[in-house]
Structures are given as C-alpha cells and as structure tokens.
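Trainee: quick one: sequence and predicted model below, then my questions.
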Protein chains: 2
Amino acid sequence: MVRKPIYDFDLLATDGRARAGLLKTVHGEVPTPVFMPVGTQATVKAVSPRDLEDLGATIILSNTYHLYLRPGDERIARLGGLHAFMGWDRPILTDSGGYQVFSLAQRRTIDNDGVTFRSHIDGSRHRFTPEKVIAIQENLGADIITCLDECAPPLDYDYNLQALERTHAWAARCKAAKSRPDQALFGIVQGGVFLDLRERSARFLTDLGFDGYAIGGLSVGETKEQMHAVLELLDTLLPADQPRYLMGVGTPEDLVECVARGVDMFDCVLPTRMGRNGSALTRTGRLNLRNARFADDPAPIEEGCTCYTCAHFSRAYLRHLVVANEILGLHLITLHNLHLMLTIARELREAILQGRFEDYRAAFWERRRAAQGER
Amino acid sequence: MVRKPIYDFDLLATDGRARAGLLKTVHGEVPTPVFMPVGTQATVKAVSPRDLEDLGATIILSNTYHLYLRPGDERIARLGGLHAFMGWDRPILTDSGGYQVFSLAQRRTIDNDGVTFRSHIDGSRHRFTPEKVIAIQENLGADIITCLDECAPPLDYDYNLQALERTHAWAARCKAAKSRPDQALFGIVQGGVFLDLRERSARFLTDLGFDGYAIGGLSVGETKEQMHAVLELLDTLLPADQPRYLMGVGTPEDLVECVARGVDMFDCVLPTRMGRNGSALTRTGRLNLRNARFADDPAPIEEGCTCYTCAHFSRAYLRHLVVANEILGLHLITLHNLHLMLTIARELREAILQGRFEDYRAAFWERRRAAQGER
C-alpha cells in the first residue's frame, strides 16, 4: 500500500502571542488552537466515536504505554491500526509512554539506553527504548507520534539537568528510528521550571528538527506563574511555523492563558475524569452534581450551553443519575465537559482570526469574577 | 392543564394466534408486538434517550418502587413528570412495584390492605397500598400504569390461591383509585403455572375491565412448557381487542414463541444486563466477549447486523474494552442487544401483517439449529 506522506502546519493568524493555525494530517485537518480529548485505552472514556464527531472533536490523543500493554500494539497493527481498531477515522496523536512509565516510581529503572518497568496490570517486565517506542507507535499508526522523554519533577534542578541529557539523546534516536512517512514526529521540550534548561532543550530539539514541539513536564506541581514564564520563553524560541503542544493541560482558564502565550494544542484527562466523578465544568467554575442542593434544580448544568446534555436534562436528573450510580450520568456529564473544552478552543480560534483575542480573554475572566461575586 | 384522554388499541392482523396491533397513547403510537427496554431508575442503563430513539424504541418501562424511593415520585412530579425528568417524550409504562417489593423477602410483611417494607437503599420503612401505588404512578405520569399485585412463586398452589385473592381485591381498589384520564391502567393476571387459577384470574380481571392485561409471575422458575400452557389458555380468555403484556420476558426465542401464543408486549432486563456483563445476544445464541478467543477477531458481533456497534467495531475491540473495564464496551454491547430485541419484534410484526409468521418462526429456529451444528 502506498501511503500519502501528508503533514503540514499553516499559521493563519496571530493576535499578540496567540496563534490560529491549521494542522494537516493524513486523516484530516485540525484547526488550532485545539483541545484533544484523551483516549488512553483506545477509547475516550464514556463516549463513543460518533459522540466525539457530534461534539466536533478533530483529533484525539491515545497512549503508547497503555496500548502496548493491552491489547498490544502488534495486535492493533494486525487489526488495521488504531484508527480502524477504535472506529475513529480522524487524526490521532500518541504520546510516547514516557510520562506513564516514569509515573510508575518504584516499578521502573532508568539507564541511558532506556527504561525497564513492570506492568501496572500484571507485574510483567518490559523495556522501552527510543527505538522500541517508535516501533510501537508505528504499529499503532497515529498521525502524530512523540519521542520518548524523561519527565522529571519540575522543581528539581539537578534531576532536570540530568534527565534533559537523556531526553535529548533519546530524541535524536527517535528521529533516526522513525520510518513511516505518513506520521509526523514531535520532539518534547523538558527542563522543569528552569528557563536556562528550557532554552537549552528548545535549542537542541529545534536544531535537530521535528514536525512540531510538545512541551512536557508542566502542570505537575509548579505555580501558574512558573508555567507561564516557561511558555513565554518558549514562544520566542520555538519556530513560529510549527505547532506547539502543551502536554496534559488543562482547564478552561489554562486554555485561555496558555493560548495567550503561544500554545496551539492541548490535552487533559480533566473533563473526562471529572465527568466520571459527577463533576461538571462550566465557564465560571465547577459543579459537584452529587450535591443535595441540585436535587430539585430544573436548570441545565450551564444556561446557554448547546450540548446534548444541557439541551435535554436538568441538574436534578443528572444528580439522580450520579447518586443512583447510573452510567448515563457519567456519559452525559462527560459529554458536557468535552463540549465546553472544544467550544472554548473554537471560540479562541475565532477570536484570534478576528483580532479580538484580548477582548475574549477579558470577557472570560470578567464572567468568572462576576460569578464568584454571586456565590 | 387540560390533558387529552387518548388511549386505544387496534388489532390490525392475526396469523394463527400471533397478533399485530397498534397501541395509541398520549405520547405516541406503539406498533406491536413490541419489546420495551427497561429503564428501572429513569434511565435505560448505559444508553441515552437519543440512542433509544435511534434504535427505534417506541416505549420503555420504568419502575414505581425504585423511583418512589429515589429520587421520589413527588420530586419527579415537581420536575414535570417522568417524561420530562428523563428526557424521553415517547410512551412509558410503569410497573406497580409489586414484583420488587415481594422480592425483598425478609424485608417486607404483607396484609390484606397492603405491604410494609424496608428500602434496599437505606433500610427506611415504607408502605404500599393499591391506592398509594396508583398515586405514585399518577405522580410519575407514565402512559400505562399497572395494578399492585402479589407475585407468588409459580409452583406453589396454596400460596398462589391465597395471593390471587389479594391481587384481585387490590386490582379493584387500583381501578377505583385511578383518577388521571390520560393514563391507561393494566390489570395483572396471576396464578402461577396453575391453569384453574389463571382462568379465574383472567375472568375476574376482564369482568372488572382494564385497558390491557399484564401476565405476571412467569419466567421465574417454571418450565417453558408450563409458561406456554398458561399463555395458550390466556389467549382464549383475554379480550382480543386489548393488549397483552408478558412481564419480565424475554430472550429472542421467548419473543418468537410467546408472540406465537398471542402476546403483544414484552420487557426484560436481559439485553441491558447482559450488555453490562460483556455478553452479546445474537440470533443464534450468546457471545461472552470477555473470552480470549475474540482477542484477534475482526468480525462484528453478528454478521449482517445493522446496529451502530456491528457497523463500526470488531469483537476484538469490544473484548479489549470489556477486559479494560471501559464504559464504552458496556454501552456498545447494550446498544447491540437492544437493537436485536427491537429488530426481532419489528420482524415479527411484519411477518404477521404479511401472513408469514410460521415461515418466520421456522426460519428463526432453523438458523439456530444450523449455528449449533457449526459449534
């Protein structure tokens, strides 16, 4: 089979540091800024591919570590690749599994060649090297794949310095190992909250040259100010004509503030995880729908929201479903939360294209302040 | 508010004892034979109202006992009734709660006036009388409501004889208590497997006169032959121009064989419960999708099935979801199982209208025999 080697990124407009672009992949186009729902185990939890299409999701993220362990990347390849396997024919990005493996703490040992770890499912022993992680991601067949990196605690300078050496060596090996022309490869900038390390990482990776740049190791313990300082620095160092992806972030407010600092792509488990916990995201905060104060509340989660959940169901009904442990409750709240994140990303894009990003940002924060005043 | 007092049943065709009809209610028409998905707690488990509409469900069942306890029938009434509360504007039938209360065994005491029981949720004390059960169902506002009955073990003659007295007295009180003109009331024929008791029950209830007749106390321990004998008797006793609803039944094969004996309406938790256990119903049997033999199986649950699940997902993917405890797996298998039951009911109706019911029935069983030969 001849594969079309298509990958491109057009930066369509900037408004201050905020950027609106169009990412092109074999499986379709992704307007940016974009929020990517997380489909860890080859499913975005509690929603179907047709739900995601209805919501207007243009790209999802899936997870190399989890799919390698279960059901196995070779099995997925035999079944036609990840798109066919999970019934999603739009773009997919796979992370490298680095974050998950390093989260295993006592269950993994790192050396300069790679990392050996025990499965969280059955304790079996496995090894990831840069070459192995690329081979797995080539079996999965996502449109965008990522380098193996070492994700260090963001506030530990010496650890970050040491981890950066490995992350950079592994990035070079990942680039060399990559063989599929239909997949784009993103490098991952590390360096914690330390601007000298972040600069070093950005320079090393951009010299090496990738199709886009992920920003790793943030939103894991540092302050918002520290995160923003890193983004502001990287905005000056990363190539303007390539996408920047902030890994594992975020909330509605993170989207607004990180787009303001030049980020194009986001992923986060928050909207789906909160949905399964019975918590709804709104433009102004969060609602814990288990709360008894919603038992007789005929209002939707958020007035004016156009999602299926808000158009058809009251807080009282959603509370009933959550309290009665009904799967439908988790599904409906997840739908709403994803709809909100995807809608905010689309609104940010429109605002940038129309040169009114700062107005949008100011209105976003004004609405939150007003709502907090009411409470 | 003026409510339209609309309820009717047209018997459109018969083919042998099999019947095709059209039930008319305030919330719409229900072609029969019909399978009613079960929405115990104001949701058909793991699917949304729009899923049910897509599947072509025309009526669902919900549960008086469960909704009375949680979130409370008065709360549902304040929120606009059950249709508005759960976002389902097609017909609903509520059972009377009798079956659930009598299932509580050690937690309930029966007297001639009613039954006192303790909640399975918090142990709190409650009392159902015929009048109370009608009042609850009037608060809920289903299109079809049912009488409080005593559901006895089907093989115990003395118990059934005694329970029948109460069931009949309660049916008269339910009929007298009913006040909403927009709701139809079904009597419930009891009497276990005993044809003399069933005859007595059918004569008593039809003399009293109801809008339709439920057949209770079956599929709970008796043989298929015993169940069929009861249905064949009742077919001669129940009015031809009113619907017959066999409670808590059944499987694909039950639908075929009970329609063959004059039943119009069915409900059963089987397709939804099996879906949540990772088991798929097919025209020829069942598939336990946890089974390792499906790990690499690219086929859909059932070849030729037009449901969303079979059109998009392999057994291998469904197995992965079930093994990985992903909610999407339960959702997709539930969709398939409901689709099959609803499709078989529609096919039965078409066959009856075209006078080829016996051909359909023979082909159904031939296909099962052939599939068993293959295994």
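Mentor: Yes, it's here.

Trainee: C-alpha only now, for contacts and for neighbours.
Mentor: Noted.

Trainee: near chain B, which residues of chain A?
Mentor: Within reach of chain B by C-alpha under 8 Å from any C-alpha of the partner chain, chain A has these residues: A:41, A:43, A:45-48, A:70-71, A:75, A:79, A:85-87, A:296, A:298, A:312-314, A:317, A:320-321, A:324, A:326-328.

Trainee: hmm, 7 Å instead?
Mentor: Residues of chain A lying close to chain B by C-alpha under 7 Å from any C-alpha of the partner chain are A:45-48, A:71, A:75, A:79, A:85-87, A:296, A:298, A:312-313, A:317, A:320, A:326-328.

Trainee: how far away from the center of its chain is the helix or strand of chain A with the lowest mean pLDDT?
Mentor: Least confident helix or strand of chain A, by mean pLDDT, DSSP states H and E, is helix A:98-103 with a mean of 87. Its chain's average C-alpha position is 15 Å from that of helix A:98-103, according to C-alpha atoms, centre = their mean, to the nearest Å.

Trainee: okay, now the residue lying closest to A:Asp264 once chain neighbours are set aside: neighbour count?
Mentor: Spatial nearest neighbour of A:Asp264, excluding adjacent residues (C-alpha to C-alpha, 6 or more residues apart in numbering or on different chains): A:Pro33 at 4.5 Å. Look at A:Pro33: counted by other C-alpha atoms under 10 Å in any protein chain shown, it has 32 neighbours.

Trainee: and the strands in the stretch 1-150 of chain A?
Mentor: A:8-15, A:18-25, A:28-32, A:34-36, A:38-39, A:60-63, A:92-95, A:108-110, A:115-118, A:125-128, A:144-146 (DSSP state E, counting those that start in this stretch).

Trainee: to A:Arg276, which of those lies closest?
Mentor: A:Arg276 lies closest to strand A:38-39 among the strands of the stretch 1-150 of chain A, at 13.5 Å (C-alpha to C-alpha).

Trainee: before we move on, back to that, quick one: which of the strands of the stretch 1-150 of chain A is nearest B:Ile59?
Mentor: Among the strands of the stretch 1-150 of chain A, the nearest to B:Ile59 by C-alpha to C-alpha is strand A:38-39 (34.0 Å).

Trainee: what distance separates the closest one from the centre of its chain?
Mentor: Here strand A:38-39 shows a centroid-to-chain-centroid distance of 8 Å under the convention C-alpha atoms, centre = their mean.

Trainee: any idea of the mean pLDDT for that strand?
Mentor: For strand A:38-39, mean pLDDT is 98.

Trainee: and if you look at stretch A:172-188?
Mentor: The average pLDDT for stretch A:172-188 rounds to 98.

Trainee: start to end distance for that stretch?
Mentor: 11 Å (C-alpha to C-alpha, to the nearest Å).

Trainee: and A:Ala351, what helix or strand is that in?
Mentor: Using DSSP states H and E, A:Ala351 falls within helix A:327-353.

Trainee: and that helix, what does it pack onto?
Mentor: The contact analysis (3 or more C-alpha pairs under 7 Å, 6 or more residues apart in numbering or on different chains; DSSP states H and E) places helix A:327-353 against strand A:8-15, strand A:18-25, strand A:34-36, helix A:270-276, strand A:279-281, helix A:308-312, helix A:315-323, helix A:357-374.

Trainee: what sits against A:Ala135?
Mentor: The contact partners of A:Ala135, by C-alpha atoms under 7 Å, 6 or more residues apart in numbering or on different chains, come to none.

Trainee: can you do 10 Å?
Mentor: The neighbours of A:Ala135, taking C-alpha atoms under 10 Å, 6 or more residues apart in numbering or on different chains as the test, are A:73-74, A:129, A:141, A:174, A:177-180.

Trainee: quick one: contacts for A:Arg367?
Mentor: Each residue near A:Arg367 by C-alpha under 10 Å, 6+ apart is listed here: A:283-284, A:373.

Trainee: redo that, cut-off 8 Å
Mentor: By C-alpha atoms under 8 Å, 6 or more residues apart in numbering or on different chains, A:Arg367 lies in contact with A:283-284.

Trainee: what sits closest to A:Asp149 if chain neighbours are left out?
Mentor: In space, A:Asp149 comes closest to A:Thr167 once its chain neighbours are excluded; the distance is 4.7 Å by C-alpha to C-alpha, 6+ apart.

Trainee: other SSEs contacting the helix or strand containing the one you found?
Mentor: Using DSSP H and E, the element containing A:Thr167 is helix A:157-177. In terms of contacts (3 or more C-alpha pairs under 8 Å, 6 or more residues apart in numbering or on different chains; DSSP states H and E), helix A:157-177 is packed against helix A:130-140, strand A:184-189, helix A:195-208.

Trainee: deepest of these, which one?
Mentor: Mean neighbour count (mean count of other C-alpha atoms under 10 Å in any protein chain shown) peaks for strand A:184-189 among the helices and strands packed on helix A:157-177, with a mean of 28.

Trainee: report the angle between that one and helix A:157-177.
Mentor: Counting by axes from the mean of the first three to the mean of the last three C-alpha atoms, to 10 degrees, strand A:184-189 points 160 degrees away from the direction of helix A:157-177.
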